[in-house]
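Engineer: Quick one, what's the 3D model for this:
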Amino acid sequence: MSSGDRFRVSWVWTSRRSIVKGPGCRSTARNESNEQFAPERLKLYYVSTNDLTPNTYGGFRAAKVISDTCRRASNWRRVTDAYIHPRRKALKLIATAAAFSIVKPVRAETGTTIHTVLGPILPSSLGFTLPHEHVMVDFVGAEKTNRGRWNPEEVIARMQPYLLAAKHSGVRGFVDCTPAYLGRDPRILKKLAQKTGLHILTNTGYYGDAEGRYLPPSAHSETAAQIAARWLAEWHDGIEDTGVRPGFVKIRVDGLAVDRSRLSEMDGKLLAAAAAVTRKTHMAVTCHSPGSSGLSAALRFAAEGGDPGKFIVAHCDDNGFELNQRITAAGSWVSIDGIGRKPEADHLAIVLPLLQKSPDRLLLSMDSGWYNVGEKDGGKINGFNALTDRFLPALRAAGVAAAQINHVTIENPARVFAAAVQRL
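Structural biologist: This next block holds a predicted model:
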């Protein structure tokens, strides 16, 4: 812990007749004000970095949270409350917990964070975010791709200027959607994050095309539960030997060639695995599913127990308004991520109705980049500035307020990519 860390201090006060009262909580104790403080009856929990914060009075807020409401559990009462303490008192409270050796890690469900390649950050720190981009892609196939096919330093040198240009235009968050077996390399993303100062996210998951070119052999024989266990291992232990944890799940679901709205057995397996992972981690799922397969994927994900509010249907630019509305009506997200590939007027016709009808389920990006492994110098690179430099000015000229733009480009990515806090 550094001196700049902030803390949440949680307690359970184990008295039948006395509790610390919280907002909206009622106590039946008549003499609770006379109750003596008993350290042995106080259990404190270390939660990490987000709730001991400076306030306008110059002190610090120490939030003591166990549950949202007061409830009985044998002879315990649980309470939610928050008090303002001076810095010295707040630090003394934390030190007291350490002295009693009762500091414990928080359960994952009690908070949210953004998991970047450099570690967790608060959702409020993510900033203006590109939610669907690529630094590097290797299309050679799952059986042939490997780290020996590219030089990390060459990729970094080639892509760093494009990322710095995006940062200069106001970008702060960058979601890299290249999945495993398609050129995902957390080592490169980590170094680029260090060199550029961008908050870069990588992913876990599989890219399931109809021919299975980008799937590992194990995906065909394993169950959804076994695939989910592999993805959860990356969440808990890091990706391969890098120690980098994924910030979201990336999958591809195409549907059947004869009818994209009908899902294949592999599609269903990947969606079930993604739903299982999201239930445990609250990570978002970005699903490559253009056209009618996107709606079918969103509905199947929810049927498998996934939170539709964590499901992003990518590549919705050509869906049409009605189909996109059906996706958002199901609770999932529409990602308009081909910005820069059409004239601004064409994308305005797509985005403006969604801004009006579904602003809380809309993401904007470019699906741009990338260093193409196997091509000389990575091939032609499309930069990451079309959204900030061309499309946002077009939105403003069309009368879209700054608050609406911030909602879609800052607030929405922070909400959907906020995942559970890792167990310490």
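Engineer: residue contacts, Ile327?
Structural biologist: Neighbour list for Ile327: 294-295, 298, 313, 316, 319, 333-334, 361 [criterion: C-beta atoms under 8 Å, 6 or more residues apart in numbering]. Heads up, the C-betas are built off the backbone N, CA and C, glycines and all.
Engineer: Return the closest of those with respect to His115.
Structural biologist: Trp333 (18.3 Å; C-beta to C-beta).
Engineer: Please verify my assumption that that closest one contacts Asp307.
Structural biologist: No - counting by C-beta atoms under 8 Å, Trp333 sits too far from Asp307 to count as a contact (11.3 Å).
Engineer: shaky segments in the stretch 101-250 of the chain?
Structural biologist: Along the stretch 101-250 of the chain, the parts satisfying pLDDT under 70 run over 101-111.
Engineer: follow-up on the earlier one: looking at Trp333 and Asp307 now, which is surrounded by more residues?
Structural biologist: Trp333 (29 against 16; other C-beta atoms under 10 Å).
Engineer: Can you tell me how far the nearest residue to Leu352 once chain neighbours are set aside is from His347?
Structural biologist: What sits nearest to Leu352 in space, not counting adjacent residues and going by C-beta to C-beta, 6 or more residues apart in numbering, is Ala398, at 6.4 Å. Distance, Ala398 to His347, by C-beta to C-beta, to the nearest Å: 11 Å.
Engineer: cool, Leu263 as well?
Structural biologist: In this view, Leu263 and His347 are 29 Å apart by C-beta to C-beta.
Engineer: again, but for Ile227
Structural biologist: Taking C-beta to C-beta, one finds Ile227 at 35 Å from His347.
Engineer: right, and Ile156 touches Ala193 too?
Structural biologist: No - the pair Ile156 / Ala193 is not scored as a contact, 10.7 Å apart, by C-beta under 8 Å.
Engineer: in which helix or strand would I find the closest residue to Arg361 other than its chain neighbours?
Structural biologist: Once flanking residues are discounted, Arg361 sits nearest to Thr328: 4.2 Å by C-beta to C-beta, 6+ apart. Per DSSP states H and E, Thr328 falls inside helix 321-329.
Engineer: Kindly provide the whole-number mean pLDDT of the next helix or strand after that helix.
Structural biologist: Counting by DSSP H and E, the element after helix 321-329 in chain order, helix or strand, is strand 333-336. Regarding strand 333-336, the rounded mean pLDDT is 98.
Engineer: what does strand 333-336 contact?
Structural biologist: Residues contacting strand 333-336 (C-beta under 8 Å, 6+ apart): 131-132, 286, 309, 311-317, 319, 324, 327-328, 347, 350-351, 354, 358, 361-365, 412, 416.
Engineer: Just give the strands next to that strand in its sheet, each with its orientation.
Structural biologist: strand 311-314 (parallel), strand 362-364 (parallel) (DSSP bridges).
Engineer: can you put those strands in TSV and add mean neighbour count, mean pLDDT and distance to Val244?
Structural biologist: Shown next, in TSV, are the strands paired with strand 333-336 (neighbours: other C-beta atoms under 10 Å; pLDDT from 0 to 100; distance: least, C-beta to C-beta, whole Å):
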stretch	mean neighbour count	mean pLDDT	distance to Val244
strand 311-314	30	98	21
strand 362-364	25	98	23
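Engineer: Same list (the ones you listed) but as TSV, adding distance to Arg184.
Structural biologist: Listed next are the strands paired with strand 333-336 as TSV, based on distance: least, C-beta to C-beta, whole Å:
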stretch	distance to Arg184
strand 311-314	16
strand 362-364	21
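Engineer: what's the closest of those strands to Ser169?
Structural biologist: Minimum separation from Ser169 across those (C-beta to C-beta) falls at strand 362-364, 13.8 Å.
Engineer: for the stretch 251-400 of the chain, what spans make up the helices?
Structural biologist: 265-281, 292-303, 321-329, 344-357, 386, 392-397 (DSSP state H, counting those that start in this stretch).
Engineer: list the buried ones in the first one?
Structural biologist: By that I understand helix 265-281. 266-278, 281 (16 or more other C-beta atoms under 10 Å).
Engineer: gap between it and the chain center?
Structural biologist: The chain centre lies 16 Å from the centre of helix 265-281; the measure is C-alpha atoms, centre = their mean, to the nearest Å.
Engineer: and what of the second one?
Structural biologist: In terms of C-alpha atoms, centre = their mean, the centre of helix 292-303 is set 20 Å apart from its chain centre.
Engineer: Could you export it as CSV, keeping only the C-alpha atoms?
Structural biologist: In CSV, the C-alpha atoms belonging to helix 292-303 read as follows (Å, rounded to 0.1, in the frame of the first residue of the first chain):
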residue,chain,number,x,y,z
SER,A,292,-29.3,-11.1,-37.0
SER,A,293,-26.8,-13.3,-35.2
GLY,A,294,-26.2,-10.4,-32.7
LEU,A,295,-29.8,-10.4,-31.4
SER,A,296,-29.8,-14.2,-31.2
ALA,A,297,-26.5,-14.1,-29.3
ALA,A,298,-27.8,-11.5,-26.9
LEU,A,299,-31.0,-13.5,-26.2
ARG,A,300,-29.1,-16.8,-25.8
PHE,A,301,-26.5,-15.1,-23.4
ALA,A,302,-29.4,-14.0,-21.2
ALA,A,303,-31.0,-17.4,-21.4
